[in-house]
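Asker: Sequence and predicted structure are below.
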There are 2 protein chains.
Amino acid sequence: SQLKDAGLTVFHVVPTLRAALKAVDAGVDGLVVEGSEGGGFKNPSDVSTMVLLPLVASKVEVPVIAAGGFVDGRTMAAALALGAEAIQMGTRMVATVESPIHENWKQAIVDASETDTVLLNRHAAPSLRVLRTDRSNALEFDTSTNAMEHMARHSELYFGGDMDAALALGGAVAGRIESIEPVADVIKNCSNECLEVLRNLGSTYVK
Amino acid sequence: SQLKDAGLTVFHVVPTLRAALKAVDAGVDGLVVEGSEGGGFKNPSDVSTMVLLPLVASKVEVPVIAAGGFVDGRTMAAALALGAEAIQMGTRMVATVESPIHENWKQAIVDASETDTVLLNRHAAPSLRVLRTDRSNALEFDTSTNAMEHMARHSELYFGGDMDAALALGGAVAGRIESIEPVADVIKNCSNECLEVLRNLGSTYVK
């Protein structure tokens, strides 16, 4: 309400239907609905995009931006089918030419397979989806440590390129990213592919 | 190969790209690509449908059936956008009039929210996605027990309706299922909604 009074447009990031309804009640302009395959801070009760996005979109009237799993035009077309009006890309943008983080991290995203992220801190909110490294693998079943304690040296990771200095936040779409691209190419290819997919679906299934 | 020699059409269920490529090399006719939001037996390295399905579909030539998160026409349209040719519904079919399991289980699916499943046995394959019950909640962070040991009394669960007699396998789409429906209605509504979604996407985005 204070934010809106200041003239800002407010989109709140939500990981569950309950949080979405609470945000709408509080008067947000829209929602970023983020599935648990996305990188970074997460709800311990993880819900994937394929379940969460259509659930929330079917229960609210405000515009919805889809996040978690989005990386290209196919996933963008799926987001639109599930009721979103836009997508948000995180990990894909980290692995761009313009991204200011260290090349080691960008390369780790390119090298990752789809099983190379892990959701830590299920026992102690906030949970975190991070790239698999020696540090994150060691924490996978450790319920006595809060993974947030492993973020202190994050600048050595972000800008120094020491991949085990802290936890490298990242989404499972790392397994779908095969090269470091200019941002303009990511957006242009995504948009073009999305329209091509929608056109093909129309000509294949809609008589 | 023995299966194919016997005249069977073989679709193999896969949870990763690596498993998909291995199955294709072995000569399968097609794949069921199942994301980790689906119920039942799972890979410990969980990958959601939004990441796994387009990844596998982009790397294989055989037909792909999408599973994990599918429950209605919107999700079916998303599956087609992601490269599948069909969908498989598990939890949705358990909660139908014709399903032979006990009414208590069907009602538990209807009552569940999207956060009411949990993936057990991450430490000891096979992992299992199950409905949250007292029994499954107690196992969530227990890395000293193999959850499969909790399946012995499954017939008391399936047909006796004792929801804590064993683990009730179930997908996160339980949170999107609001009533027990006849199978014919599930399929008809799914198909109609899918075509409606594709038609609307075409008229909204494709000039």
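Answerer: Nice, thanks for sending it over.

Asker: okay, the angle between the longest helix seen in chain A and helix B:183-205?
Answerer: Ranked by residue count under DSSP state H, the longest helix found in chain A is helix A:183-205. Inter-element angle recorded for helix A:183-205 and helix B:183-205: 130 degrees (by axes from the mean of the first three to the mean of the last three Cα atoms, to 10 degrees).

Asker: in helix A:183-205, what's buried?
Answerer: A:186, A:190, A:193, A:194, A:195, A:197, A:198, A:199, A:201, A:202 (16 or more other Cβ atoms under 10 Å in any protein chain shown). Where C-beta positions appear, they are placed from N, C-alpha and C, glycine not excepted.

Asker: give me the beta-bridge partners of the closest residue to residue A:84 other than its chain neighbours?
Answerer: Spatial nearest neighbour of residue A:84, excluding adjacent residues (Cβ to Cβ, 6 or more residues apart in numbering or on different chains): residue A:66 at 3.7 Å. In this structure, residue A:66 bridges to residue A:33, residue A:87 when assessed by DSSP bridges.

Asker: And residue A:66, how close does it get to residue B:8?
Answerer: 39 Å (Cβ to Cβ, to the nearest Å).

Asker: Neighbour count for those two, which is higher?
Answerer: residue A:66 (31 against 10; other Cβ atoms under 10 Å in any protein chain shown).

Asker: give the contact list for that one.
Answerer: The contact partners of residue A:66, taken as Cβ atoms under 8 Å, 6 or more residues apart in numbering or on different chains, are A:32, A:33, A:35, A:49, A:53, A:79, A:82, A:84, A:86, A:87, A:88.

Asker: For these, which two are the farthest from each other?
Answerer: Maximum pairwise distance among the contacts of residue A:66 (Cβ to Cβ): 14.9 Å, between A:35 and A:86.

Asker: so where does the residue of chain A most remote from its centre fall, helix or strand?
Answerer: With distances taken as Cα atoms, centre = their mean, the residue sitting farthest from the centre of chain A turns out to be residue A:207, at 35.3 Å. If you go by DSSP states H and E, residue A:207 is not part of any helix or strand.

Asker: Show me chain A divided up by domain.
Answerer: A:2-93+A:179-205, A:102-176 (automatic domain parsing).

Asker: number of nearby residues for the nearest residue to residue A:14 once chain neighbours are set aside?
Answerer: Among residues not flanking residue A:14 along the chain, residue A:20 sits closest, at 4.4 Å (Cβ to Cβ, 6+ apart). Neighbours of residue A:20 under the rule other Cβ under 10 Å: 24.

Asker: Is it correct that residue A:20 is in contact with residue A:59?
Answerer: Yes - assessed by Cβ atoms under 8 Å, residue A:20 is found in contact with residue A:59 at 7.1 Å.

Asker: what touches both of these two?
Answerer: Joint contacts of residue A:20 and residue A:59 (Cβ under 8 Å, 6+ apart) do not exist.

Asker: so which of the buried residues of helix A:183-205 also contact chain B?
Answerer: For chain B, the contacts drawn from those by Cβ under 8 Å from any Cβ of the partner chain are A:194, A:195, A:197, A:198, A:199, A:201, A:202.

Asker: Let me have those residues in TSV, extended by pLDDT.
Answerer: As requested, these are exported to TSV (pLDDT from 0 to 100):
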residue	pLDDT
A:194	98
A:195	97
A:197	98
A:198	97
A:199	96
A:201	96
A:202	94
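
Asker: Check which helix or strand residue A:137 maps to.
Answerer: Assigned by DSSP H and E, residue A:137 belongs to helix A:134-139.

Asker: what comes up buried for that helix?
Answerer: Here helix A:134-139 shows A:135, A:136, A:139 as buried, counting by 16+ other Cβ under 10 Å.

Asker: Quick check: the first one touching residue A:147?
Answerer: What that stands for is residue A:135. No - at 9.4 Å, residue A:135 does not count as touching residue A:147 under the criterion of Cβ under 8 Å.

Asker: Touching both of the two, which residues are there?
Answerer: Common neighbours of residue A:135 and residue A:147, using Cβ under 8 Å, 6+ apart, are residue A:167.

Asker: Lowest mean pLDDT among the helices and strands of chain A, which one is it?
Answerer: helix A:2-5 (a mean of 85; mean pLDDT, DSSP states H and E).

Asker: separation between the residue nearest to residue A:60 when sequence neighbours are not counted and residue B:13?
Answerer: Counting by Cβ to Cβ, 6+ apart, residue A:60 lies nearest to residue A:24, which is 5.3 Å off, once chain neighbours are set aside. Distance of residue A:24 to residue B:13, given as Cβ to Cβ: 38 Å.

Asker: now swap in residue A:201 and tell me
Answerer: 25 Å.

Asker: Kindly export the least confident helix or strand of chain A (C-alpha atoms) in CSV.
Answerer: Taking C-alpha atoms only, helix A:2-5 is exported to CSV below (Å, rounded to 0.1, in the frame of the first residue of the first chain):
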residue,chain,number,x,y,z
GLN,A,2,2.9,2.4,0.8
LEU,A,3,4.5,1.2,-2.4
LYS,A,4,1.4,1.8,-4.4
ASP,A,5,0.9,5.3,-2.8
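
Asker: Which residues belonging to it are considered buried?
Answerer: Within helix A:2-5, judged by 16+ other Cβ under 10 Å, no residue is buried.

Asker: Also stretch A:91-98?
Answerer: Buried-residue list, stretch A:91-98, by 16+ other Cβ under 10 Å: A:91, A:92, A:94, A:95, A:96.

Asker: Would you map the strands across chain A?
Answerer: Counting by DSSP state E, chain A has strands at residues A:11-14, A:30-34, A:40-42, A:64-67, A:86-88, A:117-120, A:127-131.

Asker: The first one: how far from the chain's middle?
Answerer: Going back to what we said before, that points to strand A:11-14. Centroid separation for strand A:11-14 versus its chain: 12 Å, with Cα atoms, centre = their mean, to the nearest Å.

Asker: If you average the pLDDT over it, what comes out?
Answerer: Across strand A:11-14, pLDDT averages out at 98.

Asker: Run through who's touching that strand.
Answerer: So strand A:11-14 is contacted by A:19-20, A:23, A:26, A:28-34, A:56, A:65, A:67 (Cβ under 8 Å, 6+ apart).

Asker: of these, closest to residue B:158?
Answerer: residue A:56 (32.0 Å).

Asker: State the number of residues packed around that closest one.
Answerer: 28.

Asker: Quick check, it in contact with residue A:34.
Answerer: No - Residue A:56 is not in contact with residue A:34 according to Cβ under 8 Å; the separation is 10.1 Å.
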